[in-house]
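[1] Quick one, structure for this:
(one chain, ligands or ions: 2)
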Amino acid sequence: MGELLRIDHVSYNYHSLEGETPALSDISLYVNDGEFLAIVGPSGCGKSTLLSLIAGLLRPDTGDIYINNKDIKSSGKNIGYMLQKDHLLEWRSTLRNLTLGLEIQHKLTESSYVVINDMLATYGLITFKNARPSELSGGMRQRAALIRTLLLEPDILLLDEPFSALDYQTRIEVSDDIWGIIRKEKKTAILITHDISEAIPTKMFLSYRNTSSSLPIST
Ligand SMILES: Nc1ncnc2c1ncn2[C@@H]1O[C@H](COP(=O)(O)OP(=O)(O)O)[C@@H](O)[C@H]1O
Ligand SMILES: [Mg+2]
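    Numbers count the residues shown, from 1 in each chain. Ligands and ions are numbered 1, 2, ... in the order given. Alright, predicted model coming up:
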């Protein structure tokens, strides 16, 4: 399992007419291929800024970000970014929401539909294929948003508080589903959250509560 992502002494400040807002100061970390990293911190501590830097939407003021030892700009790696809101389009069916990213990248082919149908079946959405997003439960919407991101075959998956819009009961069910999907698809992922219980895969959390054995820290 080699190193996939390295963040090396990165700092970032937002600039506006009112002045400068420091968002990140001298952050360093690395993520190995196939690893699942959770970053927990209170609101405003710079979590979303960090993901935007990894996604290449912002450039660090100082420091460097490498993917496979190459600068992110030249790495040619695909980064999937799943935001807090699912951003499903109400005027498109579930199926057409899933194809959207591929359509934009001109990558939608006949064989994409085989993969999409397979994923819809595996993740319990096949009977909702032609339904509108408003007909789906909160958990189904999150699964659909994750599948849409996965279809673009990201090398790294970034998840920005993906469960925070869900109620507690749904969050427990969905976080369990989402871990299952990420593990099954063997993705390297970074999850950020302000809620420590989201950072611990539900099954592990339960097994920790049910046993007196050592803490299940690794994923
Ligand atoms: N577009 C922006 N312009 C100015 N300041 C911003 C902007 N986005 C975030 N910030 C500030 O940067 C800091 C970090 O924000 P953010 O990365 O969104 O934190 P988190 O995701 O942990 O809540 C906060 O102080 C926030 O107010
Ligand atoms: Mg945020």
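[2] Hmm, L24 is touching S11, no?
    Yes. If you go by CB atoms under 8 Å, L24 and S11 touch, sitting 5.8 Å apart. All C-beta atoms are positioned from the backbone trio N, CA, C, and that covers glycine.
[3] Tell me which of the two has more neighbours.
    L24 (21 against 15; other CB atoms under 10 Å).
[4] Which element is encountered next along the chain beyond the helix or strand harbouring the more buried one?
    Counting by DSSP states H and E, the element that carries L24 is strand 19-32. Counting by DSSP H and E, the next helix or strand C-terminal to strand 19-32 is strand 36-40.
[5] by how many degrees do that following strand and strand 19-32 diverge?
    150 degrees (axes from the mean of the first three to the mean of the last three CA atoms, to 10 degrees).
[6] Give the other helices and strands that strand 36-40 contacts.
    Strand 36-40 sits against helix 168-184, strand 188-193, helix 196-199, with contacts defined as 3 or more CB pairs under 8 Å, 6 or more residues apart in numbering; DSSP states H and E.
[7] That one pairs with which strands, and in what direction?
    Strand 36-40 pairs in its sheet with strand 188-193 (parallel), by DSSP bridges.
[8] what distance separates the strand it pairs with from the middle of the whole chain?
    6 Å (CA atoms, centre = their mean, to the nearest Å).
[9] Run through who's touching it.
    Contact partners of strand 188-193, identified using CB atoms under 8 Å, 6 or more residues apart in numbering, comprise 4-5, 31-41, 47-48, 50-51, 54, 155-164, 182, 198-199.
[10] for stretch 65-82, same thing?
    By CB under 8 Å, 6+ apart, the surrounding residues in contact with stretch 65-82 are 2-8, 10, 51, 53-56, 64, 145-146, 149-150, 152-160, 162.
[11] taking those one by one, which sit in helices?
    If you go by DSSP state H, the contacts of stretch 65-82 have L51, L53, I54, A145, L146, T149, L150 in helices.
[12] Identify the bridge partners of the residue most central in space within the chain.
    Centroid check for the chain by CA atoms, centre = their mean gives L159 as the closest residue, at 2.4 Å. Counting by DSSP bridges, L159 is bridged to M82, L191.
[13] Tell me the pLDDT of it.
    Per-residue pLDDT puts L159 at 91.
[14] check contacts around it.
    L159 makes contacts with M82, I178, A189, I190, L191, I192, as judged by CB under 8 Å, 6+ apart.
[15] So among those, where is pLDDT lowest?
    I178 (77).
[16] which residue sits closest to that one in space, ignoring its chain neighbours?
    Among residues not flanking I178 along the chain, L146 sits closest, at 6.0 Å (CB to CB, 6 or more residues apart in numbering).
[17] State whether L50 and L37 are indeed in contact, as I suppose.
    No. The criterion here is CB under 8 Å, and L50 misses it with L37 at 11.1 Å.
[18] Having no further points to raise, I will conclude here.
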